[in-house]
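Engineer: this is the structure alone, sequence omitted:
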DNA sequence: GTAATAATTCGTCATTCGTATAAATTCAAG
DNA sequence: CTTGAATTTATACGAATGACGAATTATTAC
């Protein structure tokens, strides 16, 4: 959106020439283009759409408007690019969860189950509705959680385990009648539900014959919280 | 396992020659080898591990012990192979769900929510624990449900929609105080939870610090049913 | 100023991919 | 028997892929 003049010149030459045209010449540019971020942003959307194996480095470079070699320059390999994409926003998300939990605990009175659950869900739900990038990350997240490969597991663990375990601790205090392992198990039920909701609105439309359509972002979250809190508090089987 | 004599001869030549050796000669074999099924089985496991884009036709052919061209002969394209893999077991599964629901309804008394939910979950839960192929299909299923691509959506819809809608109808009768669209929404919460559980036992171990380890297949299902039934019956938000 | 370093594009290489065609062998129908 | 269809391997093709080396230009340090 910024260097429109440069682009225009490039297009002139493209018309005179033949095929593809790159927006920059080789060599270090005068105005630092913050191209690393541009690559990360493009990769986030691309990986969300096609998954790790479904997207080529060339495709990402093209979407970012950048030469393919620059990706190697900043990230070396495709895998490291993926990891950085994931950790970038995952770290923020995990941090946000910690903050909301702190805020709940500082309020004095012991938090209710539905408040704890809401605090857990809120950050990513907001992120998902914050625009294209947030929605893409939600999608990516959902993908990674159905990936059995060792590397994907490590990545998730690294980014999320600490905050999830804190939430389990707080839930355990709010539900003293339940053994901790039951709460851990139910916490992963919860994660399953909301991972699914991060990416599956098309299918929900089908199941409800379009009747869900007008549910707003907040109403949807309210519904999720009600469902999950009831499940979390259920009598043991 | 059968044509061991042929294989031995082939291996002789492999030693004399250089690299790879195929177990069969060109041309129609004497004993029909049921190779189509062997391909489907190998593809099921391969796609579960690597996803559609992560697995090559060559890889599947090798796993099946079959020439690559045979896959084209039976399935034409990679995509059609994937579809057949998915529909084969998906169709059985959907059928099984219909049967269990029929049985519930025929029993005379109105079914309880937890019975309906258990009937829905049981078939795939059994399948998942029936061996390598069942587990692979569960994994595949989980993958497909995080795939945003149009084709994946159509496939799921085609295989499952009818039975899911029947379950929603029956749940609506058991829960007259809830509007149907709430039940549809909660049904997709349910699908999310159990898709996640079909593939994520590694992560659960982490969250519960190994305390889940000794939960048997049946106990795990009981826990899921208790959680989901409570959520399904929750007061509206 | 000159040298080192940072950021960028370009061209290339070996490999792998999905698909396609041809050839070989066996079975079924007449 | 002969012929034609069915099942199988072998080989080839062009396109795409991830990675890499080299060239080019700007900035910073001395």
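Structural biologist: Arrived safely, thanks for sending. For clarity, every value in this text was computed on a predicted model and none was experimentally measured. Numbers count the residues shown, from 1 in each chain, chains lettered A, B, ... in the order given.
Engineer: run a quick neighbour tally on residue A:87.
Structural biologist: For residue A:87, the tally of surrounding residues (other Cβ atoms under 10 Å in any protein chain shown) stands at 14. (Each C-beta comes from the backbone N, C-alpha and C, glycine too.)
Engineer: residue A:159 is in contact with that one, correct?
Structural biologist: Yes: in this structure, residue A:87 is within contact of residue A:159 by Cβ atoms under 8 Å, at 6.2 Å.
Engineer: list the helices and strands the helix or strand residue A:99 falls within packs on?
Structural biologist: Using DSSP states H and E, residue A:99 sits in helix A:78-106. Applying 3 or more Cβ pairs under 8 Å, 6 or more residues apart in numbering or on different chains; DSSP states H and E, we find helix A:78-106 packed against helix A:35-54, helix A:57-64, helix A:68-75, helix A:113-128, helix A:132-144, helix A:150-174.
Engineer: indicate the residue of chain A located nearest to DNA strand C.
Structural biologist: residue A:69 (2.6 Å; Cβ to the nearest atom of the strand).
Engineer: got the contact list for that residue?
Structural biologist: When the contact criterion is Cβ atoms under 8 Å, 6 or more residues apart in numbering or on different chains, residue A:69 has no partners at all.
Engineer: related to what we said a few turns ago, would you list the helices and strands packed on helix A:78-106 in JSON lines and tack on mean pLDDT?
Structural biologist: Formatted as JSON lines, the helices and strands packed on helix A:78-106 follow (pLDDT from 0 to 100):
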{"stretch": "helix A:35-54", "mean pLDDT": "97"}
{"stretch": "helix A:57-64", "mean pLDDT": "98"}
{"stretch": "helix A:68-75", "mean pLDDT": "97"}
{"stretch": "helix A:113-128", "mean pLDDT": "97"}
{"stretch": "helix A:132-144", "mean pLDDT": "95"}
{"stretch": "helix A:150-174", "mean pLDDT": "94"}
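Engineer: of the ones you listed, which approaches residue B:163 most closely?
Structural biologist: The minimum distance between residue B:163 and those falls on helix A:132-144, with 23.4 Å, by Cβ to Cβ.
Engineer: show me which residues of that closest one are buried.
Structural biologist: For helix A:132-144, a neighbour-count test (16 or more other Cβ atoms under 10 Å in any protein chain shown) marks A:134, A:135, A:136, A:137, A:138, A:139, A:140, A:141, A:142, A:143, A:144 as buried.
Engineer: what's the answer for stretch A:215-232, then?
Structural biologist: Across stretch A:215-232, burial judged by 16+ other Cβ under 10 Å covers A:215, A:220-232.
Engineer: tell me which of the residues you listed fall in helices.
Structural biologist: Assigned to helices by DSSP state H, the following of these qualify: A:220-232.
Engineer: Serialize those to TSV and add fields for pLDDT and distance to residue A:127.
Structural biologist: TSV is the format used below for those (pLDDT from 0 to 100; distance: Cβ to Cβ, whole Å):
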residue	pLDDT	distance to residue A:127
A:220	94	14
A:221	96	12
A:222	97	18
A:223	97	19
A:224	97	15
A:225	98	17
A:226	98	21
A:227	98	21
A:228	98	18
A:229	98	21
A:230	98	25
A:231	98	24
A:232	98	23
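Engineer: how close does residue A:128 sit to residue A:44?
Structural biologist: Plainly put, residue A:128 is 13 Å away from residue A:44 if you go by Cβ to Cβ, to the nearest Å.
Engineer: tell me, what's touching these two both at once?
Structural biologist: The contact sets of residue A:128 and residue A:44 overlap at residue A:137 (Cβ under 8 Å, 6+ apart).
Engineer: more crowded one of those two?
Structural biologist: Neighbours were counted for residue A:128 and for residue A:44 using other Cβ under 10 Å; residue A:44 has more, 24 against 20.
Engineer: quick check, the more buried one in contact with residue A:134.
Structural biologist: No: judged on Cβ under 8 Å, residue A:44 makes no contact with residue A:134 at a distance of 9.6 Å.
Engineer: contacts only, for the closest residue in space to residue A:55 that isn't next to it in sequence.
Structural biologist: Of all residues not flanking residue A:55 in the chain, residue A:46 sits nearest, at 4.6 Å (Cβ to Cβ, 6 or more residues apart in numbering or on different chains). Applying Cβ under 8 Å, 6+ apart, we find residue A:46 in contact with A:55, A:59, A:60, A:63.
Engineer: out of those residues, who's nearest chain B?
Structural biologist: Set against chain B, the nearest of the contacts of residue A:46 by Cβ to the nearest Cβ is residue A:55 (8.5 Å).
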